[in-house]
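Participant: Have a look at this prediction, sequence included:
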Amino acid sequence: MQRRLRVIAVFFLLTILSAIFVIACGKVPSGDTTKLESSLTPTTIEIGLPTLKTSFANVDVAIAQDLGFFKQQGLNITIKNLDSAVKVVQALVANDIAIGGSSFEPVISAAIAGGDVAIVGTYANRLTVSMVTPKTIKSVADLRGKKVGVQDIGAFREIMTRMVLQSAKLTPQDVQYIPISPPSYIQALLAGQIESAILQTEQVSEILKRDSRFHVLVDLHKVEPEYYYGSYLVRKDWLAKNSDLAVRYLTALIQAHRFMYQNKADTIRIAAKTTGFDASAIENTYDLLLGKHQVFPVNDGIEDKRLTYTISRMKSLGLLKGKEPDLNQIVDRKPITLALDKLGRV
C-alpha cells in the first residue's frame, strides 16, 4: 500500500511540474491562440464595411468582436459602416481605414485604375442576395421601364442588377435607376418608391414576412453559384509594414467562421443584435447561408477558379475592357496562410 501511495504521489508531482514547464515556456496546444496572444501589444485598427448597417454577410466581424477573438489577437477593432463597397475601397485607397470589406468588383476596378490594393481574406465568398419585386412582375423582362433601387454605379447591388437584366437582354437604360441606401430598400419597396431591389438574405426574409405582395424574382446564388463575393483587402504599403496585424486579424476571422458553423444559437443571437433583424429572420438566414450554402469559408476561401469566373462575368457586363488583371498581383495569400499555420486546416 505504501509503495502504491508513493507511486501516486510521484505521478501527481510530475504532472504539476509538467504543467509549470508548459506555462513557463508559453506552449499551448496546436490551434489554441488564447495564451499565445497575451503578450501582444494591443493595437487599434479601423475597418470599413460596405453597408450602413452591418449585414449577415459581414457578421463574422461582429462574432470575432463579441467573443473576444480579436482581443485574443491583441486587436482593438473599430468599425466604419459605409454606404457601399465602392466607398469602402475609396476610403482604403485614401488611407482612411486599414482594412476594407468589399465585394470583388470594386477591388478589381481599383486595381486596374492603379490602386495598390491586395485581397488577403474573405467573408461570405458566395452570393447571399436575391432580387425582390412585387408579384405583378413575373419575369425579368417585366422590369422594362420599372423603378429599380441601386447603390452607387459600379457597387455590388447595382452590378447584381445588371446581371439580372442581362438575362433578359435588358440594360440599365431599359429601367429607371433610383438611388437608395441598402438599409432603406425594404421601406422603399413597401412604399412603392421602387419596384425592384437586390436584398441580402435577412432582408428577403423580413419583407416576405411583412408583405405577401412581394416575391423573390431571382435568387442570385442559384443562377450564379460560381460567382465570388466578399473580400477583405488592404493597401500593399500598409501590409508591408503591418503583416503581423493582418495575420492576427485573419486568425480571429477564421475562428469566427468556424464558431458560426458549430454554434447556431449564439451566432443567431449575435447576428440579430448586429443586424437589427429579429431572430426568426436571422435563423432563416443562418439555415440558408451556413446550413445549405456554406458561404463562409473555414480555411482560405480565396479560390482562383471562382475569381477567374467572376472576372469573366465582369467582362461580359462591360465592366472590364482590355487586358484582364493579374490575380497574382491582386491576391496576397501569405497572411491567411500564416493564420492557418497557427490554427490548422479543417
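Facilitator: Perfect, thanks for sending it. Numbering: from 1, shown residues only.

Participant: Nearest residue to residue 160 in space, ignoring adjacent ones along the chain?
Facilitator: residue 198 (4.6 Å; C-beta to C-beta, 6 or more residues apart in numbering). Where you see a C-beta, it was placed from the backbone N, CA and C, and this is true even at glycine.

Participant: Counting by contacts, list what the helix or strand hosting the one you found packs against.
Facilitator: Using DSSP states H and E, residue 198 maps to strand 197-200. With contacts defined as 3 or more C-beta pairs under 8 Å, 6 or more residues apart in numbering; DSSP states H and E, strand 197-200 has these neighbours: strand 129-134, strand 147-150, helix 156-166, helix 185-191.

Participant: swap the cut-off to 10 Å and go again
Facilitator: strand 129-134, strand 147-150, helix 156-166, helix 185-191, helix 201-210, strand 214-219 (3 or more C-beta pairs under 10 Å, 6 or more residues apart in numbering; DSSP states H and E).

Participant: Only the C-alpha atoms, please, for that strand, written as CSV.
Facilitator: C-alpha atoms of strand 197-200 as CSV (Å, rounded to 0.1, in the frame of the first residue of the first chain):
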residue,chain,number,x,y,z
ALA,A,197,-34.1,45.7,-55.2
ILE,A,198,-31.2,43.4,-54.6
LEU,A,199,-31.7,42.3,-50.9
GLN,A,200,-29.5,40.4,-48.5
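
Participant: neighbouring strands for it, and are they parallel or not?
Facilitator: Strand 197-200 has the following strand partners under DSSP bridges: strand 129-134 (antiparallel).

Participant: Can you list the buried residues in the partner strand?
Facilitator: 129, 130, 131, 132, 133, 134 (16 or more other C-beta atoms under 10 Å).

Participant: Is the second one bridged to anything, and to what?
Facilitator: Spelled out, it's residue 130. With DSSP bridges as the rule, residue 130 is bridged to residue 199, residue 219.

Participant: in this structure, what spans have low per-residue confidence?
Facilitator: 1-39 (pLDDT under 70).

Participant: Excluding chain neighbours, give the residue nearest to the residue sitting nearest the centre point of the chain in space.
Facilitator: Nearest to the mean C-alpha position of the chain, by C-alpha atoms, centre = their mean, lies residue 123 at 2.5 Å. Of all residues not flanking residue 123 in the chain, residue 230 sits nearest, at 4.1 Å (C-beta to C-beta, 6+ apart).

Participant: Next secondary structure after the helix or strand harbouring residue 311?
Facilitator: Here residue 311 sits within helix 304-316, counting by DSSP H and E. Per DSSP H and E, the first helix or strand lying C-terminal to helix 304-316 is helix 327-330.

Participant: domains for this protein, by residue range?
Facilitator: The chain breaks down into these domains under automatic domain parsing: 36-126+228-343, 129-223.

Participant: buried ones in the strand holding residue 198?
Facilitator: Neighbour-count burial for strand 197-200 [16+ other C-beta under 10 Å]: 197, 198, 199, 200.

Participant: Give me the nearest residue to the last one, chain neighbours excluded.
Facilitator: Leaving aside its chain neighbours, residue 200 sits nearest to residue 55 (4.7 Å; criterion: C-beta to C-beta, 6+ apart).

Participant: any idea how far that neighbour is from residue 344?
Facilitator: For residue 55, the distance to residue 344 (C-beta to C-beta, to the nearest Å) stands at 29 Å.

Participant: Comparing these two, which residue is more hemmed in?
Facilitator: residue 55 (29 against 10; other C-beta atoms under 10 Å).

Participant: thought that one was touching residue 277?
Facilitator: Yes: contact criterion C-beta atoms under 10 Å: residue 55 and residue 277 qualify, at 9.4 Å.

Participant: Noted, bye for now.
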